[in-house]
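Visitor: Sequence and predicted model, in that order:
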Amino acid sequence: MTLTDASGGGRVSPARTVLVSGASIAGPAVAYWLKRYGYEVTIVEKAPAPRGGGYAIDIRGTALGVIERMGLLPWLQEVQVHVNRSTFVENDGDVVATLRPQAVTGSVAGRDLEIRRGDLTEALISTVRDDVEFIFNDFIVGMSETGHGVDVTFKSGTARTFDLVIAADGMHSHTRELVFGPEQPFHRYIGYCFAIYTMDNILDLKDEIVMWNDPGRAAAFYAAKNEVNAMLTWAQPETPFHAFGDLQAQRDLISEVYAGAGWVVPDMVAALQKADDVFFDAVAQIRMPRWTSGRLALVGDAAHAPSFLTGQGTSTALVSAYMLALSLARANGDHVAAFAAYERDTRGFVTANQDLVGTGRATLMPTTAEELRKRDDRLRSLSELPPTQGNPVHSSLVLPEPYTGR
Ligand SMILES: Cc1cc2nc3c(=O)[nH]c(=O)nc-3n(C[C@H](O)[C@H](O)[C@H](O)COP(=O)(O)OP(=O)(O)OC[C@H]3O[C@@H](n4cnc5c(N)ncnc54)[C@H](O)[C@@H]3O)c2cc1C
């Protein structure tokens, strides 16, 4: 693509322009590295502003190196959430086991970070706020690739051309759908659904997780930073497509699933009827044979959502954002070579982390009375184990140095 020099001169070298769709984790992270490598970056985000608050996420293993190289480690250490214990309870509230949270998540105490997703987004956006163009309240509705770039149309009616487009718009990426087609062939449903919402602190909890299970149903409180998130997770044989985007259908489904449940679950279900911040979704992964097509690359959950049962969604998003930008820098903007390198160098790490899903399921969601009994026995023994060194899979990619042009 050639551009006319606005100062009135002749032709200038093509600008290396990238449009990133999504401003949560992967979007601002890839924007930071691209900007550092000399790209002009625009981020378009569907929401009217960065989405704040929310559930806590972990940053572990290789992803810590990305954060460190962005200079964000001190900030994130400052705002991290300190959850001191995870307690598993029975129907009458009797305690099955109380553990250090790391015994369940596989995190390393004192090294890995636990942060509210919104706090991480805020920190990531702060690194590019002055250097990147942000467009909120808009999204891509059409993309047409030419030999020189991608002609993009936005919902607002604006039309612009970029050299490359990166989809960082999450598991249900609309941008991905425009090029790769509907989500369904890439959507691996794991057999559970969840709902998260804030509610009153009815158990007077502080910096802790309390979780109740019976076969196929779980209910938990996550209390941190003076906020309590309720989380319901249940086995659901088929994806309840009818309930997506329909809050009343979600409330009805959950009331039915949790009928007759013990502990304080009836209070949680009652609170759900009034909550206005319900985040409802299927527990699923995105598994794609390719993450790139032409001038479009996918990153983060849009490419490879691993599901919260792995606890690795944020970490894999940060790592793939870093690797994508690095591949482009090393290939000096040759997107064909860069995209091939991105897939080659990143996929093994991502797949290994996606494969952790079975471990999380066994701990958090036993589906039969027998599985639940075995899980409880395991939890009791975990409470006596010394701290772990972390799961080697979390660190299984050795982060290459940032590109310096040499
Ligand atoms: C309950 C729960 C618990 C979790 N716990 C953990 C954990 O412990 N550890 C961990 O590592 N991960 C965890 N995760 C996963 C983690 O939240 C995600 O993997 C991570 O946020 C992925 O980041 P992302 O930027 O790729 O996508 P997302 O965070 O999904 O962000 C997508 C962004 O794109 C925007 N968007 C959507 N559609 C469009 C569009 N058409 N155009 C423009 N913008 C759009 C959205 O508004 C959003 O800002 C958890 C997830 C859930 C749901």
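Guide: Good, I have the coordinates.
Visitor: count of neighbours near the residue nearest to T292 when sequence neighbours are not counted?
Guide: Once flanking residues are discounted, T292 sits nearest to F339: 3.9 Å by CB to CB, 6 or more residues apart in numbering. Any C-beta I mention is one placed from the backbone N, CA and C, and that applies to glycine too. Other residues near F339 come to 23 when the count uses other CB atoms under 10 Å.
Visitor: Output stretch 20-27 as PDB - backbone C-alpha positions only.
Guide: Output of stretch 20-27 as PDB, limited to C-alpha atoms (Å, rounded to 0.1, in the frame of the first residue of the first chain):
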ATOM      1  CA  VAL A  20      -6.800  -4.800  16.900                       C
ATOM      2  CA  SER A  21     -10.400  -5.800  17.800                       C
ATOM      3  CA  GLY A  22     -10.900  -6.100  21.600                       C
ATOM      4  CA  ALA A  23      -9.500  -4.100  24.600                       C
ATOM      5  CA  SER A  24      -9.400  -6.600  27.400                       C
ATOM      6  CA  ILE A  25      -6.200  -8.700  27.900                       C
ATOM      7  CA  ALA A  26      -4.800  -9.900  24.600                       C
ATOM      8  CA  GLY A  27      -5.700  -6.700  22.700                       C
END
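Visitor: tell me the mean pLDDT over it?
Guide: For stretch 20-27, the mean per-residue pLDDT is 98.
Visitor: Repeat that for stretch 187-203.
Guide: On average, stretch 187-203 scores 95.
Visitor: Now name the helix or strand holding G27.
Guide: helix 26-36 (DSSP states H and E).
Visitor: residues making contact with that helix?
Guide: The contact list for helix 26-36, computed with CB atoms under 8 Å, 6 or more residues apart in numbering, reads 18, 20-21, 41, 43, 45, 66, 70, 121, 124-125, 127-128, 131-132, 166, 168-169, 299-302, 317-318, 320-322, 324-326, 328-329, 402.
Visitor: Show me what counts as buried in the longest strand seen in the chain.
Guide: Longest strand in the chain by number of residues (criterion: DSSP state E): strand 187-198. Using 16 or more other CB atoms under 10 Å as the test for burial, strand 187-198 gives H187, Y189, I190, G191, Y192, C193, F194, A195, I196, Y197, T198.
Visitor: Check stretch 269-287 too.
Guide: In stretch 269-287, counting by 16+ other CB under 10 Å, buried: 269, 271-272, 275, 278, 280-287.
Visitor: Taking these together, which two end up most distant?
Guide: A271 and R287 (34.7 Å; CB to CB).
Visitor: going on from the longest strand of the chain, what's the next piece of helix or strand?
Guide: Following strand 187-198 in sequence, per DSSP H and E, is strand 208-214.
Visitor: What's the local residue count around N201?
Guide: The burial count for N201: 13, using other CB under 10 Å.
Visitor: V228 is in contact with that one, correct?
Guide: Yes. In this structure N201 lies within contact range of V228 using CB atoms under 8 Å: 4.7 Å.
Visitor: Excluding residues flanking it in the chain, which one is nearest M323?
Guide: Per CB to CB, 6+ apart, closest to M323 is T346, 4.4 Å.
Visitor: what separates that neighbour from the ligand, distance-wise?
Guide: From T346 over to the ligand the distance is 14 Å, taken as CB to the nearest ligand atom, to the nearest Å.
Visitor: and stretch 32-49, is it in reach of the ligand?
Guide: Yes. Stretch 32-49 lies within reach of the ligand by CB under 6 Å from any ligand atom, at V44, E45, K46, A47.
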